[in-house]
Structures are given as C-alpha cells and as structure tokens.
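K.L.:
I need the structure of the sequence given here:
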Amino acid sequence: MAFHCLLLAGVIFCAFLATSIADFPKFDHSVKDDGSLSILVIGDWGRKGCYNQSHVAIQMGRIGEKLNIDFVISTGDNFYDNGLKGINDPAFEESFTNIYTARSLQKQWYSVLGNHDYRGDAVAQLSPVLRDIDQRWLCRRSFLLDAETAEFFFVDTTPFVDSYFTEPEHKYDWRDVLPRNTYISSILKDLETSLRESTATWKIVVGHHAIRSFGHHGDTQELLKKMLPILKIHNVDFYMNGHDHCLEHISSLDSPIQYLTSGAGSKAWRGDIKGDKNDAVKFYYDGQGFMSIEIAQTNAEIVFYDVFGESLHRLKVSKDLYSSI
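P.N.:
Numbers count the residues shown, from 1 in each chain. Predicted coordinates for the structure are as follows:
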C-alpha cells in the first residue's frame with residue numbers, strides 16, 4: 001500500500017526493551033532536519049465514522065498536511081463502546097483504517113488504552129497482528145517514545161481507577177494487570193525512573209484519564225494522589241489525556257505543568273461541565289475536535305481545532321535553556 005512507503009520514508013522506528021532500570025518499552029522516532037516536531041493528538045474516537053468522527057478526520061488530514069506532521073498520538077478509548085472483540089474484529093478497519101485516510105495521516109500512530117478499550121479484548125489492541133493489517137498502529141500499555149528534543153511517557157491509567165474494579169455493569173479485561181497493586185507500583189516506579197533519567201528538553205506525559213479536568217469526569221483522584229507528585233518533581237511540561245469528550249487547557253497553579261485534554265474525536269458532551277470555572281481553566285470547548293503540537297528546541301505551540309478545522313485556542317510555551325545552567 002502507498003502509505004507503507006511513506007511510513008518507511010518518514011519514520012525511523014525501532015523498538016526495544018529499555019536497558020536502564022525502567023521497564024517501559026522504548027521507541028525512537030526521528031525529527032525533521034531542523035530538529036522540530038509536529039504532532040496531532042486525538043482521543044475517544046472509534047465510532048465507525050459516526051458522531052462526526054469522519055468530519056474530524058478530514059480536518060485532521062488538512063491540518064496534518066499544513067503542519068507536515070511527524071506522527072499522531074491517540075489518548076485512548078480507541079474503539080467504542082466495548083473495545084475490540086479480538087484481533088480479527090472488523091471494527092479496527094471500520095473505525096481506524098477506513099476513516100483516517102488522508103495522505104498526511106499515513107504516519108505512525110502511538111496509542112494508549114482507555115477504559116472502553118478495557119471493556120473488550122484489551123490484549124488484541126496490543127497485538128502485532130493489527131500492525132500487519134495497518135502498519136500505522138502501535139498500542140502499548142505504557143511506554144517511552146524518544147523524539148530527541150522531546151520525550152513522551154505513555155502511561156496506562158485505567159487500572160489506577162478504583163471504580164472500574166467494583167462496578168457491576170461492565171466487565172473489564174484485566175489480563176496481565178493483576179495483581180493490581182503490583183502493576184500500578186511497577187508503572188509508577190518505571191515512570192519515575194524514566195523521567196529522572198531523561199535528558200530531553202521537553203517532557204510530555206500521555207494518559208487516557210485526566211489529572212485535571214473541568215469536564216464530565218473531572219479530576220481523577222487516583223492520579224492526583226499517585227502520579228501527579230512524580231510529574232511535579234521531574235518538571236514535566238505537559239500532561240495530555242482524553243476521557244472527557246471535550247477540548248481543554250488547564251494551567252497548574254503550583255508547577256509548570258499544562259494539562260491538555262483532547263478527547264473530542266467523535267461523540268462530544270455538550271454542556272456537560274463539572275465544577276466552577278477558575279483561573280486555572282484557560283480554555284474549554286464541549287464540541288468535537290483535536291489538537292496539534294509543534295515543538296522546537298526552545299519553543300512549543302499547542303493549538304486546539306474544532307470539527308471545521310478552525311483554530312479555537314492557542315498556547316505558546318518558551319524555555320530558556322540557559323536558566324538552569
């Protein structure tokens with residue numbers, strides 16, 4: 001297929017188990033000749049084109065071409081309502097391959113699992129069989145993506161949420177997760193080690209669940225307690241998530257962290273707002289859309305787009321690399 005050639009030409013991609021203390025699988029991705037990186041971020045999308053998923057995909061293709069993107073990040077809930085049934089589930093192609101067809105989107109997709117993915121065959125999404133079907137697809141529970149100037153730390157956040165282990169109305173695929181406390185402890189240890197060892201200018205953590213959110217689900221208390229202290233200690237720049245079906249930018253009031261929600265890939269929750277707006281909430285949009293990130297050595301720019309591809313909110317962050325010397 002044509003996109004396979006583009007993939008091989010545009011991406012230097014290899015996987016190996018990290019040789020440091022951290023056990024996160026590690027992947028490398030090349031950057032542009034000038035060292036810059038352009039990315040699209042989308043979450044909560046897999047509905048076989050419905051709920052404006054196809055319209056969002058069209059605009060992603062347009063913006064992706066304009067920015068000459070290097071890869072796409074999915075923040076989870078990749079297939080609704082209950083994940084995939086198995087590696088041969090036609091929903092994979094119906095919700096992914098057949099929807100994101102623009103030339104600019106024929107790049108690597110790095111994905112994490114969401115809670116809806118765990119309601120199906122979660123292991124199927126991790127299978128190399130899906131990469132045989134569509135080489136763009138790469139999904140792991142937790143992993144590290146090294147893109148030179150920036151490092152992305154993908155974290156499997158669903159097992160952190162207590163309610164998923166007690167709610168009677170849904171069944172979750174907890175294979176390879178139990179015993180839960182051991183699994184979570186391992187993730188936190190590996191995340192802390194990977195962040196501590198990182199020499200990247202930009203540190204970006206990606207998970208499905210929000211740490212801070214003004215939307216329907218609100219803050220994830222388990223992440224506030226267990227993960228956020230690690231992110232603060234190691235000077236993480238951005239935490240990116242889905243879960244709430246909206247677009248959102250919240251600034252930390254006691255650290256440099258910017259909380260960025262991109263969970264509006266298909267079905268959105270109009271008017272479903274939790275809590276009172278405060279000074280930390282810089283932007284909230286309750287319709288469909290996606291996000292872009294452009295990263296250079298000392299500057300990063302985040303833009304949120306709606307279903308028509310119109311820019312809704314822009315965040316620029318600069319770093320003085322000499323300030324820490």
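K.L.:
what comes up buried for whichever helix in the chain runs longest?
P.N.:
Using DSSP state H, we find that the single longest helix of the chain is helix 180-197. Judged by neighbour count using 16 or more other Cβ atoms under 10 Å, the buried positions of helix 180-197 are 183-184, 187-188, 190-195. For the C-beta atoms, the positions are set from N, CA and C on the backbone; glycine is no exception.
K.L.:
and for stretch 28-38?
P.N.:
Buried residues in stretch 28-38 (16+ other Cβ under 10 Å): 29, 31, 36-38.
K.L.:
what of stretch 79-94?
P.N.:
For stretch 79-94, by 16+ other Cβ under 10 Å, it's 79-80, 82-84, 87, 89, 91-92.
K.L.:
how about the buried residues of stretch 28-38, which pair is most distant?
P.N.:
The most widely separated members of these, counting by Cβ to Cβ, are 29 and 36 (12.8 Å).
K.L.:
just the CA atoms of the longest helix of the chain, as PDB, please.
P.N.:
Coordinates of the C-alpha atoms in helix 180-197 are reproduced here as PDB (Å, rounded to 0.1, in the frame of the first residue of the first chain):
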ATOM      1  CA  ARG A 180      -3.400  -4.600  40.500                       C
ATOM      2  CA  ASN A 181      -1.300  -3.000  43.300                       C
ATOM      3  CA  THR A 182       1.900  -4.700  41.900                       C
ATOM      4  CA  TYR A 183       1.100  -3.500  38.400                       C
ATOM      5  CA  ILE A 184       0.400   0.100  39.500                       C
ATOM      6  CA  SER A 185       3.600   0.200  41.600                       C
ATOM      7  CA  SER A 186       5.600  -1.000  38.700                       C
ATOM      8  CA  ILE A 187       4.200   1.700  36.400                       C
ATOM      9  CA  LEU A 188       5.000   4.400  38.900                       C
ATOM     10  CA  LYS A 189       8.500   3.100  39.500                       C
ATOM     11  CA  ASP A 190       9.200   2.900  35.800                       C
ATOM     12  CA  LEU A 191       7.700   6.300  35.200                       C
ATOM     13  CA  GLU A 192       9.800   7.900  37.900                       C
ATOM     14  CA  THR A 193      13.000   6.300  36.700                       C
ATOM     15  CA  SER A 194      12.400   7.200  33.100                       C
ATOM     16  CA  LEU A 195      11.600  10.800  34.000                       C
ATOM     17  CA  ARG A 196      14.700  11.000  36.200                       C
ATOM     18  CA  GLU A 197      17.000   9.600  33.600                       C
END
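K.L.:
give me the mean pLDDT for that helix.
P.N.:
Across helix 180-197, pLDDT averages out at 97.
K.L.:
quick check: next helix or strand after it?
P.N.:
The first helix or strand that comes after helix 180-197 along the chain, using DSSP states H and E, is strand 202-207.
K.L.:
which residues touch the following helix or strand past that following strand?
P.N.:
Next in sequence after strand 202-207, counting helices and strands by DSSP H and E, comes helix 221-226. Around helix 221-226, the neighbours that count as contacts under Cβ atoms under 8 Å, 6 or more residues apart in numbering are 157, 160-162, 184, 188, 207, 209-211.
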